[in-house]
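Student: Please work out how this folds:
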Amino acid sequence: MKLTNVEKKHTAKGIKLANYKARKFKIALGTELENNFCFKTKKPKKVTDGLHKFLEYTVYKDLSITEVDKLYLRTKGPIKEKYSQLEILHYGFDNSQFRLFGFYDNNAYFNIIKIDTDHKTHRS
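Tutor: Take a look at the predicted model:
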């Protein structure tokens, strides 16, 4: 069955939406992290603690992309940003300032480009 007129919200290029969203959520560090939002920071413990907690609640629980979107995709403010023609999404916990920004690649891996420990990205 071929899907037609499917809105390709944050889908990796060339992957059908139905197959993509059912895949297991996986994280990759396939691109250089943005300055001031990487492991080289004044608060390395916040980075490692936040990233480890996010991995525990998503990857280690073997959740699908759909499940992770429902639980952790940030919906207040801009969800998607354009960055070098990629759709950038961000995930985080409700009561935490920790956020991960990234995009999905052709293998359906969420490639992190920014680790925001204090949620400074969308604040003026």
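Student: burial count for Lys42?
Tutor: 7 (other CB atoms under 10 Å). C-beta here means a position set from N, CA and C on the backbone, and glycine is covered the same way.
Student: That one belongs to a helix, doesn't it?
Tutor: No: the assignment for Lys42 by DSSP: H, G, I helix; E, B strand; the rest coil gives coil, which leaves it out of any helix.
Student: what sits against it?
Tutor: With CB atoms under 8 Å, 6 or more residues apart in numbering as the criterion, no residue contacts Lys42.
Student: Let's test this: mean pLDDT of stretch 34-54, rounded?
Tutor: Stretch 34-54 carries an average pLDDT of 87.
Student: cool, stretch 70-81 as well?
Tutor: Stretch 70-81 comes out at a mean pLDDT of 77.
Student: Test my guess that Ile27 contacts Ile112.
Tutor: Yes: with contact taken as CB atoms under 8 Å, Ile27 and Ile112 are classed as touching, separated by 6.3 Å.
Student: Please enumerate the shared neighbours of those two.
Tutor: Jointly contacting Ile27 and Ile112 under the rule CB under 8 Å, 6+ apart are Leu100, Gly102.
Student: Comparing the two, which residue is more hemmed in?
Tutor: Of the pair Ile27 and Ile112, Ile112 is the one with more neighbours under other CB under 10 Å, namely 22 against 18.
Student: pretty sure that one is touching Arg99, no?
Tutor: No: in this structure, Ile112 is not within contact of Arg99 by CB under 8 Å, at 10.4 Å.
Student: and stretch 53-61, how far out from the chain's middle?
Tutor: 13 Å (CA atoms, centre = their mean, to the nearest Å).
Student: In space, what's closest to Gln97 - neighbours in sequence excluded?
Tutor: His119 (3.9 Å; CB to CB, 6 or more residues apart in numbering).
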